[in-house]
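Colleague: model this:
(chains A and B)
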Amino acid sequence: MTELLSPPLETDAPPPARVTGRYRAGVPAWLLLLAALCAATAAIPLVYLVVRTTEAGITELLDTLLRPRVLQLTVNTVLLAAAVTLSCLVLGTICAWILTRIRLPFQRTLLLVSALPLAVPSYLAAYGWLVWFPSLNGFWASWLVMTMVCTPYVTLPVAAALRGASADLESVARTLGRGPLRAFAAATWPQIRPAAIAGALLVCLYSLSDFGLVSMLRFQTLTWGINAAYGASFDRNQAALLALVLVVLALVVVAGERRSRRQVDRVPGRSTMPARAPGKASLLYVGLLIAAPLGGVVVPVVGLLSRLLEAETLRAIDVPRLIEAIGATLGLALAAAVVAVLVALPIAALAARYRGRLVAAIEAVGFLGHALPGIVVGLALVFFALAAVPMFYQTSVVLVFAYVVLFMPRAIGSVRSSIAAVPQSLGDVSRMLGLSPFQTWFRVTARLALPGIAIGALLVAISAMKELPATLLLRPTGVSTLATELWSRTALFEFGAAAPYAAALVLVAMVPAVLLSGIRGTAREN
Amino acid sequence: MRIPLTIAGLVAGAIVLALAGCTQAAQPATTAEATSDGAFTLYSGRDEALVQPLIDQFEEQSGITVEVRYGNTAELGALLLEEGDATPAQVFLAQDAGALGALSNADLFATLPAQTTDAVPAGFTSTDDTWVGVTGRARVIAYDSEAMVAADVPTSVDAFTDPAWAGKFGIAPTNASFQAFVTAYRVLNGEEAADAWVKAVAANNPVIFDSNRAILAAVNDGVIEAGLINHYYWFAMAAETGEANMRAQLSYPEAGDAGSIVNVAGAGLLAQAAGDADALEFIDYLVGAEAQQYFVDKTFEYPLIAGIDAPAGLPTLDSLVNPDLDLADLETLADTQALLGKHGLI
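Modeller: Numbering: from 1, shown residues only, chains lettered A, B, ... in the order given. A predicted model of the protein is given here:
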């Protein structure tokens, strides 16, 4: 894991005259243009939503918006997103602290295990819980399962940031008589906060946009309303309006994240806190660490297995078909990861080095896709592809593009902070030694930021593997991924036939999750 | 600049390769004139496990290749509306009449030949021949056999307004077949009675689900005592878990009760495929004896043509018929949704 994942180094204070300033004045036009172009890809769904919404008359809009039910759905959505974000932030930070500050046995394994919930799609997790507790439903159930599934989004970057954080101030605070908690809060938290909040942002946007889990656990959020509008009313305008409400919520969240990211100062010193022996509390520590993997992986997977054993129609596994689905899943996820990182790079480079309203707007737009349910992004790209590039419609090109729109935000955050961690002074030295800006970028900045870029790519790959609604809409006719195969079998109670695909999906998605927990910050120049 | 360009070239090459690895050629555009090219594309809102064996059988007999795109009916309906004339699909096979009606309303369907639609009696097919009903599914009450005996199961949906049922029964108000049933209630009993029923049910603390399937799973797990679903879900679940292991059982509301209506699944020919002989042959096949018998045997649905018997153990279709009801009438569907919205159910 790298300290570059979300290093605690960004500050929005006016750049001092010294070369350590993080932000530069005067954005180069080419970078601004390139970043704006890349962000425009994420804005396609927004354009589509506005087109659809304006098709409805203003009275229809108001009628829909003012229905008490829309208010209720919005309140439910906000409550769930806020609660999940908060609990993931707390649990993830605690887990990261334990992983980096406590000397537990099998430390490496524990880190790996704490990344595993990433590999389980939320709908599968919810389904697995229902096997054990069929009456599970509503807010608390959704909150619990979603928290389990999402906690690694905070744990991993915070653990990385903690490893890179300077412990000097915390030691000073302890010396001056502060208790361990207060010393941590005063000295270390400000350093890891950007990482924690960037992770929390992903959790928050994810819980805004998720449909699989809330539909299984019967908690009615805006995504439930959107799906109902398509499914029962065939009312695309109403669905678009509800999706726009989600967009507004997402913009508020992204703006909030950007604001809170700003107030951070660079902390001098390089010493790290020595890991403590766990003492009597070791059981508690391990318990906290494995809570999310237990709830997010073990409970659902064992539940699924038990259904498999009960199934009467256990069929022979169609091996070639399974392999074909694995191949398609891997190929699409790989392509999505590469393209998403390429598209995220200019946005991240811009946001890492420059400030201003335009920069903020470009970054915010880049995050939009993550707040929208897959069905909305899928339909937006149907609309867009048929209008602009009909020859690519129902080919992998458009599907990969949809993954990019949906999951690019997961790359932007980690790439941005890894670029921000590369000292500007290094670039200046490189320029002075005669390298062009491009050469400097590839030889210095990109190389040092590589771990963060890899993390972004892995996060995108995991998400793309698990994606269902946009895949169903956009996949080439006849091509199936593990997620679509799983869907087509669970729709009919065919647990026996579904199990190999569920197992394969979790196993395949575990590969990037394990890699993710293993990336270390070796690229830092010191 | 040389090095960055090389890297960029390699990356671009990698992407192209990755994409080429899993890219299939785009579907060729179809034309409107009468043609037979030995192939067509089907969008199926019905599950692959149920439909694919039938399609394999059709392909073998006719020599026509069928490209199938599976999805759920609602999403494929939305997809077809979005695609409009540019759709690569020639035929849409849907789970419910509402989706077919929505596409028909948007003028996306071609008119089917009378000989195709005449095979199916009125009330189970479109009124304007834009789509044809393929199978029927009865609305039923699924109940928890450990909580009550068959004789105690309500014979009318009106029972669920009784406070004794508060919090113990499940409905899926956003589901198309539930809304079709409420529409039937309005047609059969009048607007006032329907308003009173929806209001009373909404106030009786119903357990809200998003699908029939989820209701049945909850009844079978003893989470709720009863729920309003379509009959064939029970048979699908029984096939998986074993009929003897089914805790949920079915009760058919008495004939004439709005709760006993029959919904249909059906198929339509997309407008831009008008005259496509291959696609038409398939639709004819769906309402032919062989396919109808297949649906009876494999999915336990009602056949819609004369001469094929309903699955054993089901009430006869005649006892459940509501000939006055146009299942695809979206005007009236909108009224139903307004009613459900008024009382906070959707």
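
Colleague: alpha carbons only: can I get the host helix or strand of A:Ala161 in PDB?
Modeller: Here A:Ala161 sits within helix A:152-164, counting by DSSP states H and E. Extracted in PDB, the C-alpha atoms of helix A:152-164 (Å, rounded to 0.1, in the frame of the first residue of the first chain):
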ATOM      1  CA  PRO A 152     -12.400  -1.100   2.600                       C
ATOM      2  CA  TYR A 153     -12.800   2.100   0.600                       C
ATOM      3  CA  VAL A 154     -11.800   3.900   3.700                       C
ATOM      4  CA  THR A 155      -9.500   1.300   5.400                       C
ATOM      5  CA  LEU A 156      -7.100   0.900   2.500                       C
ATOM      6  CA  PRO A 157      -6.300   4.600   1.700                       C
ATOM      7  CA  VAL A 158      -6.200   5.500   5.400                       C
ATOM      8  CA  ALA A 159      -3.800   2.700   6.300                       C
ATOM      9  CA  ALA A 160      -1.600   3.900   3.400                       C
ATOM     10  CA  ALA A 161      -1.700   7.400   4.600                       C
ATOM     11  CA  LEU A 162      -1.000   6.400   8.200                       C
ATOM     12  CA  ARG A 163       2.000   4.600   7.100                       C
ATOM     13  CA  GLY A 164       3.400   7.600   5.400                       C
END
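
Colleague: by contact count, what packs against that helix?
Modeller: If contacts are counted by 3 or more C-beta pairs under 8 Å, 6 or more residues apart in numbering or on different chains; DSSP states H and E, helix A:152-164 sits against helix A:68-101, helix A:107-115, helix A:189-209, helix A:495-518. Just so you know, the C-beta spots here come from the backbone N, C-alpha and C atoms, and that holds for glycine as well.

Colleague: state the mean pLDDT of it.
Modeller: For helix A:152-164, the mean per-residue pLDDT is 86.

Colleague: equivalent analysis for stretch B:231-241, please.
Modeller: Rounded mean pLDDT across stretch B:231-241 is 87.

Colleague: ditto for stretch B:336-346
Modeller: 82.

Colleague: may I have that stretch exported as CSV, CA atoms only?
Modeller: The C-alpha trace of stretch B:336-346 is given here as CSV (Å, rounded to 0.1, in the frame of the first residue of the first chain):
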residue,chain,number,x,y,z
THR,B,336,-53.9,3.3,-11.5
GLN,B,337,-50.5,4.8,-10.8
ALA,B,338,-52.1,8.0,-9.8
LEU,B,339,-54.3,6.1,-7.4
LEU,B,340,-51.4,4.2,-5.9
GLY,B,341,-49.4,7.4,-5.7
LYS,B,342,-52.3,9.2,-4.0
HIS,B,343,-52.2,6.7,-1.1
GLY,B,344,-48.4,6.6,-0.9
LEU,B,345,-47.8,3.1,-2.3
ILE,B,346,-45.6,4.2,-5.2
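
Colleague: near chain A, anything from it?
Modeller: Yes - residues of stretch B:336-346 are located near chain A by C-beta under 8 Å from any C-beta of the partner chain, namely B:337, B:341, B:344, B:346.

Colleague: so which residues of the stretch 251-400 of chain A form helices?
Modeller: A:282-293, A:299-310, A:319-353, A:357-367, A:374-388, A:396-420 (DSSP state H, counting those that start in this stretch).

Colleague: rewinding a little: just name the most buried of the helices and strands packed on helix A:152-164.
Modeller: Stretch with highest mean neighbour count among those: helix A:189-209 (a mean of 25; mean count of other C-beta atoms under 10 Å in any protein chain shown).

Colleague: and the longest strand for chain B?
Modeller: strand B:131-144 (DSSP state E).

Colleague: direction included, what does the helix or strand that that one is followed by pair against?
Modeller: Downstream of strand B:131-144, the next assigned helix or strand under DSSP H and E is strand B:169-171. With DSSP bridges as the test, strand B:169-171 is paired with strand B:207-208 (parallel), strand B:226-230 (parallel).

Colleague: spell out the secondary structure type for B:Phe92.
Modeller: B:Phe92 falls in the strand class when you classify it by DSSP: H, G, I helix; E, B strand; the rest coil.

Colleague: what's the helix or strand for B:Thr336?
Modeller: Assigned by DSSP H and E, B:Thr336 falls in helix B:330-342.

Colleague: and the angle for that helix with helix A:68-101?
Modeller: 60 degrees (axes from the mean of the first three to the mean of the last three C-alpha atoms, to 10 degrees).

Colleague: pull the distance from helix B:330-342 to the chain's centre.
Modeller: 19 Å (C-alpha atoms, centre = their mean, to the nearest Å).

Colleague: how about it: buried residues?
Modeller: Neighbour-count burial for helix B:330-342, counted by 16 or more other C-beta atoms under 10 Å in any protein chain shown, picks out B:330, B:332-333, B:335-337, B:339-341.

Colleague: do you have the helices of the stretch 201-346 of chain B handy? List them.
Modeller: Using DSSP H, counting those that start in this stretch, helices in the stretch 201-346 of chain B cover B:212-220, B:232-241, B:277-286, B:289-299, B:330-342.

Colleague: circling back: which strands and helices sit next to the helix holding B:Thr336?
Modeller: helix B:97-105, helix B:176-189, helix B:191-203.

Colleague: need the winner for burial among those.
Modeller: helix B:97-105 (a mean of 26).

Colleague: remind me what it packs against, helices and strands.
Modeller: When contacts are defined as 3+ C-beta pairs under 8 Å, 6+ apart, helix B:97-105 packs onto helix B:73-83, strand B:91-94, strand B:131-144, helix B:176-189, strand B:262-269, helix B:330-342.

Colleague: need the residues of the stretch 101-250 of chain B near chain A, please.
Modeller: B:102, B:174-176, B:179, B:207-210, B:213-214, B:217-218, B:221-223, B:236-237, B:239-242.

Colleague: which of the residues you listed are buried?
Modeller: B:102, B:174-176, B:179, B:207-210, B:213-214, B:217-218, B:221, B:223, B:236-237, B:239-241.

Colleague: next, count neighbours for residue 46.
Modeller: I went with chain A, as the question did not name one. Residues near A:Leu46, counting by other C-beta atoms under 10 Å in any protein chain shown, number 18.

Colleague: hm, I was asking about chain B
Modeller: When neighbours are counted by other C-beta under 10 Å, B:Arg46 comes out with 25.

Colleague: try B:Leu317
Modeller: 16.

Colleague: so what's the closest residue to it other than its chain neighbours up against?
Modeller: Of all residues not flanking B:Leu317 in the chain, B:Tyr302 sits nearest, at 5.1 Å (C-beta to C-beta, 6 or more residues apart in numbering or on different chains). With contact set as C-beta atoms under 8 Å, 6 or more residues apart in numbering or on different chains, B:Tyr302 has these partners: B:135-138, B:262, B:296, B:310-311, B:314, B:317.
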